[in-house]
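# dropping a prediction and its sequence here:
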Amino acid sequence: MLDLLPISKEEAKKKGWDELDVIIVTGDAYVDHPSFGAAVIGRFLEYHGFRVGILAQPDWKDKESFKILGKPRLFFGITAGSVDSLVANYTPYKKKRERDAYTPGGTPGKRPDRATIVYSNIVHELYPDVPIIIGGIEASLRRFSHYDYWDNRVRHSILLDSRAKVLVYGMGEHQTVKIAKMLSQGKSWHEIYQIPGIVYSLNERDFSKYFKDKDYLLLPPFEEVSQDKDAYFEFQQKLLEGLKRNLTLVQKDGTRYIIQNPREAYMSSDLDLIYSLPFKRLAHPSYKEDIPALDTVITSITSHRGCFGSCTFCSLNIHQGWQVISRSERSILKEAHRLTSHKSFRGTISDVGGPTANMYKLRCKIHNIPGSCPNRECLFPDVCENLEVDFSYQMRLLNDIKEIPKVKHVFIASGIRYDLALKDKNYIKRMIKEGFIGGQISVAPEHVKNHVLEIMKKPPFTLYERFVEIFEKEVKKFNTELYIIPYFISAHPGATIEDAWALAMYIKGLGHYLEQLQDYTPLPLTPASCAFYTEYHTLRKEKIYVAKTYEEKRLQRALAQFRDKKNKEFLLKNKDKIPFLLERLLG
């Protein structure tokens, strides 16, 4: 039997555990891999001496399925899984998805809509005396009042709707272990509420008592932001200000106060420890079918967390934060050595990266100087002069991995920032020459029109064109077949039908069908979702066009993927809505 975290009482007993300290309830299947959040939190708690069980994808229609592991001594940790449950269950057109990559066989419908709330309320009903701690991306992005695309309204903090005691935002390992330790020691909830990186709520009396002399940034209350789009825009701006400055944030909602403690910075050594834990990189053997999400990452290695970018449509800044934390080279090399012994290893490490691969060990010169940089704009509108762009660490790491016995290839598959790559033209040359690109490289220009790119907080399109020019020149030099795979977003706030036409004509010029097109989805708490809801620019209170109806959004996608037969038919049926000669595109 593999040494996995138990998913049943029988498996717990085999480990000599008569009682579990923590039970993690997750909307994903149980995969013991460092890319799956429940496994990471579970393994980290286990490392610190706690007995942890995983309740994976319980049947929310059958409350008995929540009793499989019994009652935990300390708390239930509840997460929707690796993605927001509504993103997992629905397309950007709000239609049911036909596949869930985090479920055996890709079978859809194994997690409920608003999974964090559904799981929490069932657990609360069954075990009213056991505290509930919620976390993961769904909870993190819904920690304050937030515009919800699926309901098309501003909802309360998920902390209130779930009736959880604490919400852990961000990656969550440290906070969860601290909560477990303090509960074991019999600490009061007031003491636990001092932990960095958590969100909790207080009634008016306790808030007045404990926050009488404290500094905090007060956000507009739920009653205002839920009814007034101008108030919601102000809320979004204040929220971003508070997150960038890492302040204590407070929002009133009815008779409760939602309080977010400042984020705690991770160190390189923290990540080294987390990724040294004994992950098996396998799904639980009880599953009869493969889990698609595991197949894409099984031989990948995470080199860092966080992102210097501030793309307004992305959840990374809200969730992981602006700071990039890199693992040590020694830690990554150890993981690579272990990976070569894995039964799925065939000589190729599919990816060494993070949210953006070429941010490994980049650092800000003034990050540790208090108050030195209140704006936290490392890459917009240009790459900041205080960001030390040095790719030598990444190149040395990749070359050292390549020297490990049994490693035939090591690739970068997680995408790079081309504006950073252009800061060192030798970087592009070396990536090609030394074979770190596995046939294609992913970059994300996102759009071709600069006014849309500004709303996204992405660099001007000319920079992407410059990158393509240099890349293709180097590819010819080395007489190799490598391709750039550009990612674009259709119907992003600010993009008109004219902008979609410009994108379509650019794609036509590429001469091939483009699959890497993403329909824009408003993710909670992101600046772009605020723009979608309020129809204001992400940077200023300026009205912009927003494609909101199915027809408006479908037209923009159909233009970009005009070679698809169904899209072509849709365009011809709606040609009266397109002020251009379709023959130019379709001919």
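Good, I have the coordinates. Given the structure is predicted, the values throughout are model-derived calculations rather than measurements. Numbers count the residues shown, from 1 in each chain.
# quote the end-to-end distance of stretch 475-485.
Distance across stretch 475-485, first residue to last, is 14 Å (Cα to Cα, to the nearest Å).
# from residue 246, how far out is the closest residue in space to residue 79 that isn't next to it in sequence?
Nearest non-adjacent residue to residue 79, counting by Cβ to Cβ, 6 or more residues apart in numbering: residue 136, 3.3 Å away. C-beta coordinates here come from the backbone N, C-alpha and C atoms, glycine included. Residue 136 sits at a distance of 21 Å from residue 246 (criterion: Cβ to Cβ, to the nearest Å).
# over to residue 448?
If you measure residue 448 against residue 246 using Cβ to Cβ, the figure is 35 Å.
# and if you look at residue 291?
If you go by Cβ to Cβ, the gap between residue 291 and residue 246 works out to 36 Å.
# just residue 359 next, same as before
According to Cβ to Cβ, residue 359 stands 20 Å off from residue 246.
# which one's more surrounded, those two?
Between residue 359 and residue 246, counting by other Cβ atoms under 10 Å, residue 359 is the more crowded of the two (28 against 17).
# how many neighbours does residue 408 have?
Residue 408: 10 surrounding residues under other Cβ under 10 Å.
# oh, that last question was meant for residue 550, not what I typed.
Using other Cβ under 10 Å, the number of residues around residue 550 comes to 12.
# show me what contacts it?
Under the criterion of Cβ atoms under 8 Å, 6 or more residues apart in numbering, the contact partners of residue 550 comprise residue 93.
# report the buried residues of stretch 106-123.
Applying a neighbour-count criterion of 16 or more other Cβ atoms under 10 Å, the buried positions in stretch 106-123 are 106, 110-112, 114-123.
# whoops, I mixed them up, stretch 122-129
Within stretch 122-129, the residues scored as buried using 16+ other Cβ under 10 Å are 122, 123, 124, 127.
# and for that stretch, what's in contact with it?
25, 60, 63, 66, 67, 71, 76, 78, 130, 132, 163.
# give the pairing partners of the helix or strand the first one falls within; include direction for each.
Using DSSP states H and E, residue 25 sits within strand 22-26. Strand pairing for strand 22-26, using DSSP bridges, gives strand 52-56 (parallel), strand 75-79 (parallel).
# quick check: buried residues in it?
Within strand 22-26, the residues scored as buried using 16+ other Cβ under 10 Å are 22, 23, 24, 25, 26.
# what mean pLDDT does that strand get?
Per-residue pLDDT over strand 22-26 has a mean of 98.
# now find how far off-centre that strand is within its chain.
Going by Cα atoms, centre = their mean, to the nearest Å, the spacing between the C-alpha centre of strand 22-26 and its chain's C-alpha centre is 20 Å.
# use 399 as the first number for this chain going forward.
Okay, residue one is now 399; in that scheme the one you just asked about reads as strand 420-424.
# for the following helix or strand past it, name the packing helices and strands.
In the C-terminal direction, the helix or strand that comes right after strand 420-424 (DSSP H and E) is strand 429-430. Helices and strands in packing contact with strand 429-430 are listed as helix 435-445, strand 680-681; criterion 3 or more Cβ pairs under 8 Å, 6 or more residues apart in numbering; DSSP states H and E.
# listing partners with orientation, what would you give for strand 429-430?
Paired with strand 429-430 in the same sheet, following DSSP bridges, are strand 680-681 (antiparallel).
# quick one: contacts for the closest residue to residue 458 other than its chain neighbours?
Using Cβ to Cβ, 6+ apart and skipping residues adjacent in sequence, the residue nearest residue 458 is residue 510, 4.7 Å away. By Cβ under 8 Å, 6+ apart, residue 510 lies in contact with 425, 458, 483, 516, 517.
# mind doing that once more with 7 Å?
Going by Cβ atoms under 7 Å, 6 or more residues apart in numbering, residue 510 touches 458, 483, 516.
# secondary structure and pLDDT for those - can I get that in CSV?
Rendered in CSV, the data for the contacts of residue 510 read as follows (DSSP: H, G, I helix; E, B strand; the rest coil; pLDDT from 0 to 100):
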residue, secondary structure, pLDDT
458, coil, 97
483, helix, 98
516, helix, 98
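# ok, these vs residue 763, which is closest?
Nearest to residue 763 out of those is residue 483 (Cβ to Cβ; 40.6 Å).
# the closest one reaches residue 513, doesn't it?
Yes - under the criterion of Cβ atoms under 7 Å, residue 483 makes contact with residue 513 at 3.9 Å.
# and for those two, which residues touch both?
Shared contacts of residue 483 and residue 513, defined by Cβ under 7 Å, 6+ apart, are found at 425, 536.
# could you check the pLDDT of residue 881?
At residue 881 the predicted local confidence, pLDDT, stands at 92.
# look up phi and psi at it.
Dihedral angles of residue 881 (phi, psi; degrees, to the nearest 10) stand at phi -130, psi 150.
# which ones are touching the closest residue to it other than its chain neighbours?
Counting by Cβ to Cβ, 6+ apart, residue 881 lies nearest to residue 838, which is 4.5 Å off, once chain neighbours are set aside. Applying Cβ under 7 Å, 6+ apart, one finds that residue 838 lies in contact with 880, 881, 883.
# now flag whichever of these is closest to residue 592.
For the contacts of residue 838, the nearest to residue 592 is residue 883 (46.2 Å; Cβ to Cβ).
# in the helix or strand that contains that closest one, what counts as buried?
Residue 883 is part of strand 881-888 when elements are defined by DSSP H and E. Of the residues in strand 881-888, those buried by neighbour count under the rule 16+ other Cβ under 10 Å are 882, 884, 886, 887, 888.
# re the thing from before, out of the buried residues of strand 420-424, flag the one nearest to residue 815.
Distance to residue 815, by Cβ to Cβ, is smallest for residue 424 among the buried residues of strand 420-424, at 31.2 Å.
# which residue packs closest to the closest one, ignoring adjacent ones?
For residue 424, the spatially nearest residue (Cβ to Cβ, 6+ apart) is residue 436, at 4.1 Å.
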